[in-house]
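Visitor: Following is a predicted model, sequence given first.
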Amino acid sequence: MTDLLLVDRTDAVVTLTLNRPAAMNALTTDLKEALRDTLGELESDRSCRAIVLAGAGRAFCAGQDLQEHMEKLSAGNTRIDTVSAHYNPIAQRLVNMPKPVIAAVRGVAAGAGASLTLLADFRIGGPSTRLLMAFANVGLAGDTGVSWSLPRLVGHARALELLLLAEPVKAEAALAMGLLSRLTEDDEQVLPVAQELAARLAAGPTVAYGAIKRELSIGDAGTLSDALAAEAQAQAICGATADHKAAVEAFLAKEKPVFEGR
């Protein structure tokens, strides 16, 4: 794997670290391809039961690498094909990941970097965390799923405000809005707290977690009938798992269940 994306495995938790600290982890083509492809591999990796997404150094991710982008513009290439080639599949894989995803958001998350955090199931921030929907500041519309994720978290009106005004949201305000799930007292604790949460989730019923995520994605956008059908399908799948049987047995025996993720 490229050094641009660090992959660390601790038991059933995989930590993916965007590793361009000198550039605030701005997203080059190589980094986007590494993230896209690694997420694709983790989807079906049963040894991975939770994912932490982090950035090296003082920032989570500054978004698209504008130096690389400017080189393409200067060469006359005005097509922004990276959206369909990179950002869209990354967004799909994060949202559809059949296991929990936690974003460790230390420092700035801007543009596509902010969008990435919103696609995680949990977002852990610290005092220095700043979220910036920076797209309009460079004359662009949103991407990386922000038009889908942001209004789900903060509502249509607030999402429109954040995208049109493109002003940074500080950590406390981000927590109040729901852009962050938890806020640590110290920036140094952001990654450890995210990994601790990931370890807890990795010890849980992985199949059920994936089913719950799918239920909510359907229920949020669909009809009651859609939601009920998704729930029936999910329970059919979860009810046949070894984790479900073991958990019921443990409950009846007044014991704590041990989940194996199958």
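Guide: Yep, it's here. What you are looking at is a predicted structure, and each value in this text was computed from that prediction instead of being measured. Numbers count the residues shown, from 1 in each chain.
Visitor: quick one, strands of the protein?
Guide: Assigned by DSSP state E, the strands in the chain fall at 5-10, 13-18, 50-55, 101-105, 108-110, 122-125, 130-132, 169-170, 182-183.
Visitor: Next, format those strands as CSV and append distance to T28.
Guide: For the C-beta atoms, the positions are set from N, CA and C on the backbone; glycine is no exception. Formatted as CSV, the strands of the chain follow (distance: least, CB to CB, whole Å):
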stretch, distance to T28
strand 5-10, 11
strand 13-18, 10
strand 50-55, 14
strand 101-105, 20
strand 108-110, 15
strand 122-125, 24
strand 130-132, 19
strand 169-170, 26
strand 182-183, 30
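Visitor: how about the helix-or-strand element of the chain with minimal mean pLDDT as CSV, C-alpha atoms only?
Guide: The least trusted helix or strand in the chain, going by mean pLDDT, DSSP states H and E, turns out to be helix 66-74, with a mean of 80. C-alpha atoms of helix 66-74 as CSV (Å, rounded to 0.1, in the frame of the first residue of the first chain):
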residue,chain,number,x,y,z
LEU,A,66,-5.7,22.5,-5.5
GLN,A,67,-2.1,22.5,-6.7
GLU,A,68,-2.7,19.3,-8.6
HIS,A,69,-6.1,20.6,-9.8
MET,A,70,-4.5,23.9,-11.0
GLU,A,71,-2.0,22.0,-13.1
LYS,A,72,-4.8,20.3,-14.9
LEU,A,73,-6.7,23.6,-15.4
SER,A,74,-3.6,25.2,-16.8
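Visitor: Tell me the gap between it and the middle of its chain.
Guide: Distance, stretch centre to chain centre, for helix 66-74: 27 Å (CA atoms, centre = their mean, to the nearest Å).
Visitor: Can you pull out the low-pLDDT segments for the chain?
Guide: For the chain, applying pLDDT under 70 flags the ranges 1-2, 78.
Visitor: now with 90?
Guide: 1-2, 66-81, 220-222 (pLDDT under 90).
Visitor: so where do the helices sit in it?
Guide: 29-43, 66-74, 82, 88-96, 112-118, 146-154, 156-165, 171-177, 190-202, 206-221, 224-239, 242-252 (DSSP state H).
Visitor: most neighbours per residue, which of these?
Guide: Mean neighbour count (mean count of other CB atoms under 10 Å) peaks for helix 112-118 among these, with a mean of 28.
Visitor: Please name whichever of the helices of the chain is nearest to D11.
Guide: In terms of CB to CB, the element of those nearest to D11 is helix 190-202, at 6.7 Å.
Visitor: so how far is A173 from G155?
Guide: According to CB to CB, to the nearest Å, G155 and A173 sit 15 Å apart.
Visitor: residues near T144, how many?
Guide: By other CB atoms under 10 Å, 27 other residues sit near T144.
Visitor: List the contacts of it.
Guide: Y87, N88, I90, A91, A112, S115, L116, L119 (CB atoms under 8 Å, 6 or more residues apart in numbering).
Visitor: and it, what are its phi and psi?
Guide: For T144, the backbone dihedrals (degrees, to the nearest 10) come out as phi 60, psi 40.
Visitor: oh, and call the first residue 2 from now on, that's how I've got it
Guide: Understood, numbering begins at 2; the last thing we discussed is T145.
Visitor: Give me the distance between it and P90.
Guide: From T145 across to P90, the span is 10 Å (CB to CB).
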